[in-house]
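Undergrad: sequence and predicted structure below; questions after.
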Amino acid sequence: MYEDQVKGRTEELKGRTQEAVGAFTEDDDLRSEGKARQTVGKVQANYGEKLDEVREATVKNPISALAIAGGVGVFLGIILGRR
């Protein structure tokens with residue numbers, strides 16, 4: 001697991017705890033904040049997982065990764081050059 005995944009899972013756990021405390025104390029604001037924190041944690045963890053997949057694909061097939069990066073660079077150059 002990489003840093004983003006660990007941080008995301010930690011935020012998700014904090015959010016679950018916060019939501020549970022909000023439900024126990026009947027504090028709707030705390031409960032909503034907990035749900036939001038869970039969502040942020042899930043997004044961050046998923047970002048970390050996708051980043052890992054890209055890293056693995058790049059290591060397995062570096063030529064394709066270079067070709068894709070070059071294509072993206074050309075595409076961005078064309079779009080930004082139109083201004």
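TA: Yep, it's here.
Undergrad: for the rest of this, base every contact and every neighbour count on C-alpha atoms.
TA: Will do.
Undergrad: secondary structure element for the nearest residue to Asp28 once chain neighbours are set aside?
TA: Leaving aside its sequence neighbours, Asp28 sits nearest to Gly22 (Cα to Cα, 6 or more residues apart in numbering; 6.3 Å). Taking DSSP states H and E as the criterion, Gly22 maps to helix 3-25.
Undergrad: pull out the buried residues from that helix.
TA: Applying a neighbour-count criterion of 16 or more other Cα atoms under 10 Å, one finds 4-5, 7-20, 22 buried in helix 3-25.
Undergrad: over to stretch 39-50?
TA: 39-46, 48-49.
Undergrad: packing partners of the longest helix belonging to the chain?
TA: The single longest helix within the chain, with elements called by DSSP state H, is helix 28-60. Judged by 3 or more Cα pairs under 8 Å, 6 or more residues apart in numbering; DSSP states H and E, helix 28-60 is in contact with helix 3-25, helix 62-81.
Undergrad: quick one: that helix to helix 3-25, angle?
TA: Orientation of helix 28-60 against helix 3-25 (axes from the mean of the first three to the mean of the last three Cα atoms, to 10 degrees) gives an angle of 160 degrees.
Undergrad: can you give me the offset of helix 28-60 from its chain's centre?
TA: Counting by Cα atoms, centre = their mean, to the nearest Å, helix 28-60 is centred 4 Å from the centre of its parent chain.
Undergrad: could you give me the average pLDDT of that helix?
TA: Helix 28-60 shows a mean pLDDT of 91.
Undergrad: quick check: angle from that helix to helix 62-81?
TA: 120 degrees.
Undergrad: tell me how far the residue nearest the centre of the chain lies from Ala67.
TA: Centroid check for the chain by Cα atoms, centre = their mean gives Tyr47 as the closest residue, at 2.5 Å. To Ala67, Tyr47 is 23 Å away according to Cα to Cα, to the nearest Å.
Undergrad: ok, now Lys35?
TA: 41 Å.
Undergrad: how about exporting the helix holding Gly22 as PDB, limited to the C-alpha atoms?
TA: Only the C-alpha atoms of helix 3-25 are listed here, as PDB (Å, rounded to 0.1, in the frame of the first residue of the first chain):
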ATOM      1  CA  GLU A   3       0.800   6.700   1.100                       C
ATOM      2  CA  ASP A   4      -2.500   7.800  -0.600                       C
ATOM      3  CA  GLN A   5      -4.100   4.500   0.000                       C
ATOM      4  CA  VAL A   6      -3.200   4.500   3.700                       C
ATOM      5  CA  LYS A   7      -4.300   8.100   4.200                       C
ATOM      6  CA  GLY A   8      -7.500   7.400   2.400                       C
ATOM      7  CA  ARG A   9      -8.300   4.300   4.500                       C
ATOM      8  CA  THR A  10      -7.500   6.200   7.600                       C
ATOM      9  CA  GLU A  11      -9.800   9.100   6.700                       C
ATOM     10  CA  GLU A  12     -12.500   6.600   5.900                       C
ATOM     11  CA  LEU A  13     -12.200   5.000   9.300                       C
ATOM     12  CA  LYS A  14     -12.200   8.400  11.000                       C
ATOM     13  CA  GLY A  15     -15.400   9.200   9.100                       C
ATOM     14  CA  ARG A  16     -17.100   6.000  10.100                       C
ATOM     15  CA  THR A  17     -16.200   6.700  13.700                       C
ATOM     16  CA  GLN A  18     -17.400  10.300  13.500                       C
ATOM     17  CA  GLU A  19     -20.700   9.200  11.900                       C
ATOM     18  CA  ALA A  20     -21.200   6.600  14.600                       C
ATOM     19  CA  VAL A  21     -20.600   9.200  17.300                       C
ATOM     20  CA  GLY A  22     -23.000  11.600  15.600                       C
ATOM     21  CA  ALA A  23     -25.600   8.900  15.400                       C
ATOM     22  CA  PHE A  24     -25.100   8.000  19.100                       C
ATOM     23  CA  THR A  25     -25.300  11.600  20.200                       C
END
